[in-house]
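**Student:** Sequence first, predicted model second:
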Amino acid sequence: MIPLVLLLALFSCTTQDICDDDNQSILVARFKHVVAGEVTDTIVPGITIYGIREHRNDSLLYDSVSAARITLPLDPGNPTSRFVLTAGEQRDTLLIHHASEAYLISYNCGFAALFTVDSLDYGGGIITDVEIISAAVDGEMETNEEHIWIYF
């Protein structure tokens, strides 16, 4: 009886650890730059990014970091997720228009959100263009997956 209880306890802990990684749907953005008509990866020095949600406090996601790639949490309760990007004295707002639906992962893991990015808008400050690379954003993200490119 005791070995059975230990086996069940071990299995339930393992399942929960797996679930934590698979139910977070995070958008991945890569920073790009165009030089002489050629698109290249770039690192944006000192970028600060806030997530903006209605009726909630702003969320500081990145604070003065140098980054070539960022992850952004999308808002499952609204059709648009908003982010303010600041680099030096310049700033811009990125709007990600998306649809979302919840799907069941399993009884133990619960639900996750599947987002579909419909379009992108920006304010024309430090961002010069945006491009959707992969519209589907879900919890089963590959290590090299990118959803959007943000051009500076």
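**Tutor:** Thanks, I have it.

**Student:** Show me the helices in the protein, by range?
**Tutor:** 2-22 (DSSP state H).

**Student:** Give me the below-cutoff pLDDT ranges for it.
**Tutor:** Residue ranges of the chain with pLDDT under 70: 1-23, 141.

**Student:** just checking, what's the longest strand in it?
**Tutor:** Secondary structure of the chain read by DSSP state E shows that its longest strand is strand 90-106.

**Student:** just checking, what packs against that strand?
**Tutor:** helix 2-22, strand 80-87, strand 110-122 (3 or more C-beta pairs under 8 Å, 6 or more residues apart in numbering; DSSP states H and E). Where C-beta positions appear, they are placed from N, C-alpha and C, glycine not excepted.

**Student:** Name the residues of it that are buried.
**Tutor:** Neighbour counts over strand 90-106 (16 or more other C-beta atoms under 10 Å) mark Asp92, Thr93, Leu94, Ile96, His98, Ser100, Ile105 as buried.

**Student:** same check, this time on stretch 134-152
**Tutor:** By neighbour count on 16+ other C-beta under 10 Å, the buried set for stretch 134-152 is Val137, Asp138, Gly139, Met141, His147, Ile148, Trp149, Ile150, Tyr151, Phe152.

**Student:** which two in these are spaced the farthest apart?
**Tutor:** Greatest spacing in those, by C-beta to C-beta: Gly139 and Phe152 (28.8 Å).

**Student:** any chance of the buried residues of strand 90-106 in CSV, plus distance to Ser81?
**Tutor:** Written out in CSV, the entries for these read as follows (distance: C-beta to C-beta, whole Å):
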residue, distance to Ser81
Asp92, 15
Thr93, 11
Leu94, 9
Ile96, 5
His98, 7
Ser100, 10
Ile105, 22
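
**Student:** Which one of those residues is nearest to Leu85?
**Tutor:** Asp92 (5.2 Å).
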